[in-house]
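> Build me a model:
(one chain, ligands or ions: 1)
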Amino acid sequence: MADDEGKDDGKRRWTGERDKDGGSGERRRGLSKRVKTARGRKLSSTLWLQRQLNDPYVQRAKEEGWRSRAAFKLIELDDRFALIKPNDRVVDLGAAPGGWAQVALTRGASRVIGIDLLEVEPLTGADFVQMDFMDEDAPAKVLEMLGGKTDLVLSDMAANTTGHKTTDHLRVVALAEAAAYFALETLNPGGSFIAKVFQGGTEGEMLIALKKHFEKIRHVKPKSSRAGSPETYVVATGFRGISGDA
Ligand SMILES: C[S@@+](CC[C@H](N)C(=O)[O-])C[C@H]1O[C@@H](n2cnc3c(N)ncnc32)[C@H](O)[C@@H]1O
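Sure, this is the predicted structure:
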């Protein structure tokens, strides 16, 4: 995947003493953890582990019971733009391990339908399907599970990175575009759409379509998004509805 935002799945967690400052990292200042390279462990894995151990959002997610550090990004976006409304029906594309679904339900959504290449642990109020959203049948499957229109479409989908910048960029754009066209087909008027994109934001036809059908488009990088990551989010609010010519 393009980042490891959703991957604090308990397999490689720090189980040491918790900070009493709520994980803000204040008390750890100057005490960052170094990880020795173990035999058989790649340098990239060692660096990943070191980054996880020193990331205050990873610690906070663990302390507050969120399934992913990515949860804080949706919390920030929702605090800023009031995207999740009581009784909303939410579609969560790229849902594993379920942090965004937890946030949506905690903030009043009545139902979440999620899809991911990976299996997602059950969560009350949510239904998940393990499937590639780029499969021809995937949008129809999500629609069938939803049984009607939706109020909020979230996409935090991130493809595995190849290290080749152009390829990685094109993959993220393709996922975001698929999510955007799904949103145009399924949102209720007034609904919102959020998708992970790379810096430079949405471009071309996708941006034209979003501008045409939403009242407001913003590109936002939440504070909890890692500074070194090229990711940013497009936040489209006030869906105007479709008059058959999207
Ligand atoms: C950053 S994680 C999502 C984290 C999630 N928002 C959370 O808070 O738990 C990105 C997810 O996108 C999924 N993904 C990538 N490409 C996908 C595709 N084509 N179809 C479905 N899921 C996909 C990955 O499997 C991964 O679990």
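> can you tell me how far the residue nearest the centre of the chain sits from the ligand?
Centroid-nearest residue in the chain: Asp156, 2.9 Å away (criterion: C-alpha atoms, centre = their mean). Separation of Asp156 from the ligand (C-beta to the nearest ligand atom, to the nearest Å) stands at 3 Å. Every C-beta, even on glycine, is put in place using the N, C-alpha and C of the backbone.
> The closest residue in space to that residue that isn't next to it in sequence: neighbouring residues, count only.
Distances taken as C-beta to C-beta, 6 or more residues apart in numbering place Gly94 nearest to Asp156, at 4.8 Å, with adjacent residues excluded. Using other C-beta atoms under 10 Å, Gly94 has 24 neighbouring residues.
> So Gly94 sits against Asp116, correct?
Yes - between Gly94 and Asp116 a contact is recorded at 5.8 Å, counting by C-beta atoms under 8 Å.
> Below-threshold pLDDT in this structure: ranges please.
Residue ranges of the chain with pLDDT under 70: 1-40, 44, 47-48, 200-202, 243-246.
> Contact distance from the ligand - what residues of it qualify?
1, 3, 5-6, 67-68, 70-71, 94-100, 115-118, 132-134, 156-159, 175 (C-beta under 6 Å from any ligand atom).
> Now the buried members of the residues you listed.
Buried by 16 or more other C-beta atoms under 10 Å: 3, 5-6, 67-68, 70-71, 94-100, 115-116, 133, 156-159, 175, out of the residues of the chain next to the ligand.
> Tell me which of those residues fall in helices.
Using DSSP state H, the subset of those located in helices is 71, 99-100, 175.
> Return the list of strands paired to the longest strand anywhere in the chain, each annotated with direction.
Ranked by residue count and defined by DSSP state E, the top strand of the chain is strand 187-198. Strands that pair with strand 187-198, judged by DSSP bridges, come out as strand 150-155 (parallel), strand 231-239 (antiparallel).
> Give me whichever of those is most buried.
Highest mean neighbour count among these (mean count of other C-beta atoms under 10 Å): strand 150-155, with a mean of 26.
> So what touches it?
Applying C-beta atoms under 8 Å, 6 or more residues apart in numbering, the external contacts of strand 150-155 come out as 74, 83-85, 88-94, 100, 104, 109, 113, 175-176, 179, 182-183, 186-188, 190-196.
> Now flag whichever of the ones in helices among the buried ones among the residues of the chain next to the ligand is closest to the ligand.
Taking C-beta to the nearest ligand atom as the measure, Gly99 is the one of those closest to the ligand, at 2.7 Å.
> Can you show me the strands along the chain?
Remark: strands assigned in the chain by DSSP E are 89-93, 111-116, 126-130, 150-155, 187-198, 214-220, 231-239.
> burial of Arg218, as a residue count?
14.
> Okay, angle between the longest strand of the chain and strand 89-93 too, please.
Here strand 187-198 runs at an angle of 30 degrees relative to strand 89-93 (axes from the mean of the first three to the mean of the last three C-alpha atoms, to 10 degrees).
> from the chain's centre, how far out does strand 187-198 sit?
Centroid displacement of strand 187-198 relative to its chain, using C-alpha atoms, centre = their mean, to the nearest Å, is 12 Å.
> Could you give me the buried positions within it?
Quick answer for strand 187-198 (16+ other C-beta under 10 Å): 187, 191-198.
> In CSV, list these along with distance to Lys62.
CSV is the format used below for those (distance: C-beta to C-beta, whole Å):
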residue, distance to Lys62
Leu187, 34
Gly191, 32
Ser192, 29
Phe193, 30
Ile194, 24
Ala195, 27
Lys196, 23
Val197, 28
Phe198, 28
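> out of those, who's nearest Gln59?
Within those, the smallest distance to Gln59 is 22.9 Å, found for Lys196 (C-beta to C-beta).
> Stretch 89-104: end-to-end distance?
Chord length of stretch 89-104, first to last residue, is 9 Å (C-alpha to C-alpha, to the nearest Å).
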